[in-house]
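Asks: test case, fold it:
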Amino acid sequence: MELKTDTSIDAMYEAGQVVANALTAVRNAADVGVSLLELDQVAREALRAAGATSPFLGYRPSFAPTPFPAVICASVNDAIVHGIPDGYRLRDGDLVSIDCGAQLGGWAGDSAISFTVGTPRPTDVTLIETAERALAAGIGAAVVGNRIGDIAHAIGTVCRAGGYGIMEDFGGHGISRRMHEDPGVPNEGRPGRGMPLRHGMVFAIEPMLIAGGTDTYHTAPDGWTLRTNDGSRAAHTEHTVAITENGPRVLTARRTA
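Replies: Here you go, the predicted model:
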């Protein structure tokens, strides 16, 4: 894994801020009656205005039957991740997860948020809050001297304590010049195991929680969208995080008013 210099981490922060701004714009635009394609267009405009490109658009990993056709993943209700934006118009009470990436100056950023539209279900609010706490716990464990297993254990502990399922086979990942790089960062694991964390490593840390408490999922007919097997709702949160001697630096942190 490439160890980034402080200058490179600063450059990755610029890419991360493009992602943060795009997600903020999408969140602000999301409302009852707005289509997922319209949200994708909002993100496209945010990337274009920043002079960035999308690592999502045209991406085709080994499991995918076709290149991804959008700049965001838009996953609604029982869709966990990788939802393809289409003409679906948001309804009151929908739980929406938006994943977005940016490529700027040769560096990548990747982040995701979950939120509700209109009148929220209390169970969805708790699910999203738990996903955010799991992400915060994972980031808190991303310190020099720890190991990847410590990040995984911190995330998994919060998820399981809430009674939620953890998606099998998918988790966080290394990130730098490309969006997806080794090593993987699981959302559950044993502390003290895995690669030691060193200054200059950068990871995308991303809890994915299944409300029904099971860990299983299936691929939708589009070949991309991953849905819960039990039909329960899901939440997905993610930040790009640099390991530094001064503690974790969240490169995709969103500015608050």
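Asks: low-confidence ranges in this protein?
Replies: The chain contains residues with pLDDT under 70 at 256-257.
Asks: for it, what spans make up the strands?
Replies: Using DSSP state E, the strands of the chain run over residues 72-76, 79-81, 95-104, 107-116, 165-166, 172-174, 181-185, 202-205, 208-210, 217-219, 226-228, 234-236, 239-242, 249-250.
Asks: now the third one and strand 72-76, what's the angle there?
Replies: Using axes from the mean of the first three to the mean of the last three CA atoms, to 10 degrees, the direction of strand 95-104 lies 170 degrees away from that of strand 72-76.
Asks: between strand 95-104 and strand 107-116, how big is the angle?
Replies: Using the same axes, to 10 degrees, strand 95-104 lies at 170 degrees relative to strand 107-116.
Asks: same question for the first one.
Replies: With the same axes, to 10 degrees defining the directions, strand 72-76 sits at 20 degrees from strand 107-116.
Asks: what ranges does the stretch 151-257 of the chain have for its helices?
Replies: For the stretch 151-257 of the chain, helices defined by DSSP state H, counting those that start in this stretch do not occur.
Asks: picking up where we left off before, let's have the strands of the chain in TSV, adding distance to Val32 and mean neighbour count.
Replies: All C-beta spots, glycine's among them, are computed from the backbone N, C-alpha and C. What follows is these, written out as TSV (distance: least, CB to CB, whole Å; neighbours: other CB atoms under 10 Å):
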stretch	distance to Val32	mean neighbour count
strand 72-76	13	26
strand 79-81	18	22
strand 95-104	11	26
strand 107-116	11	25
strand 165-166	28	22
strand 172-174	32	22
strand 181-185	35	16
strand 202-205	31	28
strand 208-210	24	28
strand 217-219	27	16
strand 226-228	22	22
strand 234-236	20	28
strand 239-242	28	28
strand 249-250	31	20
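Asks: out of these, the one nearest Ala29 is which?
Replies: Judged by CB to CB, the one of those that comes nearest to Ala29 is strand 95-104, at 10.4 Å.
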